[in-house]
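Trainee: here are the coordinates; sequence isn't available:
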Ligand code: NIG
Ligand code: FE
């Protein structure tokens with residue numbers, strides 16, 4: 001199966017040599033090739049170039065042609081932070097919030113994550129899988145070409161394993177790469193005295209078993225006042241590092257308790273949320289990134305989740321400041337039933353432009369190549385390099401990338417191609 005996409009108004013993310021990520025001022029230079037063509041062969045990007053130098057078609061057999069006149073072609077979105085496996089919506093809590101309760105107050109009354117856990121514990125694995133696969137397919141139809149999915153709504157050994165098994169099945173069933181994160185420390189279940197006691201159960205009984213079963217790519221904790229402190233997070237990350245597992249950690253959503261510094265020192269793959277981000281936190285991200293650039297360890301990516309800020313009316317992650325500090329900003333959805341009930345990456349790009357001072361080209365880089373890097377997938381997705389998976393978006397006609405946010409309620413994604421084939425699911 002071969003495809004030629006021709007007359008592309010702007011081809012985005014087509015690198016001669018794809019870098020691992022783009023950071024700081026490089027983000028505003030994310031490649032755009034005007035009036036371009038893109039060739040796909042056998043599910044992979046074969047070649048690209050300018051229409052002016054188009055070599056012509058020699059072999060027409062099995063070739064389908066897409067005329068992208070007026071349209072842009074982008075790498076499919078890479079959503080590096082989701083909670084796509086859950087039992088049911090929490091729409092009733094949303095109504096409570098509209099009536100005046102805060103997200104934290106609802107959680108303190110036994111709602112929130114504990115509410116999702118109760119529902120998930122009661123649901124069978126097959127039903128959970130069917131629901132989650134439906135959500136993954138919906139995300140693909142919205143342009144997602146790779147994603148990460150977390151556990152964390154189980155809160156018992158059996159229910160966490162059930163979630164991770166569902167994610168393992170999604171990896172098999174979905175046509176896109178999926179990474180599994182064990183969010184062992186998400187909330188303290190009522191039967192445990194405190195976060196420290198539950199963390200011991202997670203690191204002694206769950207983590208080694210799930211790792212041995214091959215169910216985990218990364219680990220995660222909700223490092224936040226009222227959830228897990230830096231001490232519990234450190235214990236989890238140290239045990240995970242001992243098993244050769246890196247982490248992607250919820251930090252600085254409501255309070256800065258020093259989680260970023262801890263995670264950078266523990267060589268986390270990403271720190272996610274960062275709505276409350278002190279200059280010390282940014283400084284330690286810079287030091288971590290510079291260490292990695294110097295060949296020592298790997299970077300810790302800062303991941304902003306603007307859908308969560310929008311939905312909870314909390315501050316936006318200082319995306320502009322993070323890019324200006326030279327860092328490789330990442331955007332993701334945080335798709336979950338409590339704080340961000342949407343898996344639409346286009347919305348994340350829009351909010352980054354409208355609310356975070358992030359330029360359109362930077363926002364696209366943060367949602368494609370950098371998202372892939374925050375899942376250690378930037379060697380196969382997130383860019384349109386030769387040999388990369390042909391996971392890409394053909395937009396509706398647009399003047400420029402700024403139209404993604406400018407026409408802020410119009411559809412942007414027209415067609416989605418996954419492994420070279422049009423997505424019709
Ligand atoms: O990323 N902050 C922690 N966890 C999720 C939401 C959890 C929930 O409300 O279900 C988040 O926002
Ligand atoms: Fe989250």
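Mentor: Yep, that arrived. All values derive from a computational prediction rather than experimental measurement. Ligands and ions are numbered 1, 2, ... in the order given.

Trainee: Which residues lie in contact with whichever residue of the stretch 251-400 of the chain sits closest to ligand 1 in this structure?
Mentor: Residue nearest to ligand 1 within the stretch 251-400 of the chain (C-beta to the nearest ligand atom): residue 338, separated by 2.2 Å. Using the backbone N, CA and C atoms, a C-beta is placed for each residue, glycine as well. By C-beta atoms under 8 Å, 6 or more residues apart in numbering, the contact set of residue 338 is 90, 93, 103, 112-113, 116.

Trainee: out of those residues, which is most surrounded?
Mentor: Comparing the contacts of residue 338 on neighbour count, residue 116 comes out first with 26 neighbours (neighbours: other C-beta atoms under 10 Å).

Trainee: Name the nearest residue to it, ignoring sequence neighbours.
Mentor: residue 153 (4.5 Å; C-beta to C-beta, 6 or more residues apart in numbering).

Trainee: what about the one you found, which helix or strand?
Mentor: Residue 153 belongs to no helix or strand when assigned by DSSP states H and E.

Trainee: how much space between it and ligand 1?
Mentor: 7 Å (C-beta to the nearest ligand atom, to the nearest Å).

Trainee: next one: residue 122
Mentor: Applying C-beta to the nearest ligand atom to residue 122 and ligand 1 gives a distance of 16 Å.

Trainee: residues near the residue nearest to residue 116, how many?
Mentor: Look at residue 153: counted by other C-beta under 10 Å, it has 29 neighbours.

Trainee: and the chain, what are its domains?
Mentor: For the chain, automatic domain parsing gives the domain ranges 2-75+383-422, 77-373.

Trainee: hang on, the earlier thing: so the residue of the stretch 251-400 of the chain closest to ligand 1: helix, strand or coil?
Mentor: coil (DSSP: H, G, I helix; E, B strand; the rest coil).

Trainee: Rank the contacts of residue 338 by pLDDT and give me only the lowest.
Mentor: pLDDT across the contacts of residue 338 is at its lowest for residue 103, which sits at 92.

Trainee: Might you report the residue contacts of that residue?
Mentor: 97, 112, 312, 338-339.

Trainee: Geometrically speaking, which residue is the centre of the chain?
Mentor: For the chain, the residue nearest the mean C-alpha position is residue 80 (1.9 Å; C-alpha atoms, centre = their mean).

Trainee: Distance-wise, check it relative to residue 417.
Mentor: 21 Å (C-beta to C-beta, to the nearest Å).

Trainee: And for residue 3?
Mentor: Using C-beta to C-beta, residue 3 is found at 7 Å from residue 417.

Trainee: And for residue 135?
Mentor: For residue 135 relative to residue 417 (C-beta to C-beta), the value is 20 Å.

Trainee: same check, this time on residue 55
Mentor: Residue 55 is 22 Å from residue 417, where distance means C-beta to C-beta.

Trainee: okay, the two: which has more neighbours?
Mentor: Shown here are residue 55 and residue 417; by other C-beta under 10 Å, residue 417 has more neighbours (23 against 9).

Trainee: and that one, which of the three is it?
Mentor: Criterion first, three-state DSSP; result for residue 417: strand.

Trainee: residue contacts, residue 178?
Mentor: Contacts of residue 178 (C-beta under 8 Å, 6+ apart): 136, 146-149, 167, 170-171.

Trainee: In which helix or strand does the residue lying closest to it once chain neighbours are set aside reside?
Mentor: Nearest non-adjacent residue to residue 178, counting by C-beta to C-beta, 6+ apart: residue 171, 4.7 Å away. Element membership for residue 171, per DSSP H and E: helix 157-173.

Trainee: which residues are contacting that helix?
Mentor: 84-85, 117, 120-121, 125, 128-129, 132-133, 136, 149, 151-154, 177-178, 180, 182, 184, 201, 205-206, 209-210, 213-216.

Trainee: Please pick the buried ones from those.
Mentor: 84-85, 117, 120-121, 128-129, 132-133, 136, 149, 151-154, 177-178, 180, 182, 184, 201, 206, 210, 215-216 (16 or more other C-beta atoms under 10 Å).

Trainee: And the helices in the stretch 151-300 of the chain, which stretches?
Mentor: 157-173, 195-201, 207-212, 230-242, 259-265, 279-293 (DSSP state H, counting those that start in this stretch).

Trainee: Just say which of those is most tucked in.
Mentor: Mean neighbour count (mean count of other C-beta atoms under 10 Å) peaks for helix 259-265 among those, with a mean of 24.

Trainee: thinking again about what came up before, a markdown table for the helices of the stretch 151-300 of the chain, including distance to residue 404 and mean pLDDT?
Mentor: Output for these, formatted as a markdown table (distance: least, C-beta to C-beta, whole Å; pLDDT from 0 to 100):
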| stretch | distance to residue 404 | mean pLDDT |
| --- | --- | --- |
| helix 157-173 | 28 | 98 |
| helix 195-201 | 40 | 98 |
| helix 207-212 | 38 | 98 |
| helix 230-242 | 35 | 98 |
| helix 259-265 | 29 | 97 |
| helix 279-293 | 26 | 95 |
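
Trainee: Those: which one's closest to residue 62?
Mentor: Set against residue 62 and scored by C-beta to C-beta, the helices of the stretch 151-300 of the chain come closest in helix 157-173, at 27.1 Å.

Trainee: how about the closest one against ligand 1, any contact?
Mentor: No: using C-beta under 6 Å from any ligand atom, helix 157-173 stays clear of ligand 1, with a minimum separation of 12.9 Å.

Trainee: For the protein, what lies in contact range of ligand 1?
Mentor: Listed as neighbours of ligand 1 in the chain under the rule C-beta under 6 Å from any ligand atom: 112-113, 116, 222, 250, 253, 308, 334, 336-339.

Trainee: Pull up the pairing partners for the host helix or strand of residue 393, direction included.
Mentor: Residue 393 is part of strand 392-395 when elements are defined by DSSP H and E. Sheet pairing here is set by DSSP bridges, and for strand 392-395 it gives strand 72-75 (antiparallel), strand 413-418 (antiparallel).

Trainee: now, of these, which is deepest in the fold?
Mentor: Stretch with highest mean neighbour count among the strands paired with strand 392-395: strand 72-75 (a mean of 28; mean count of other C-beta under 10 Å).
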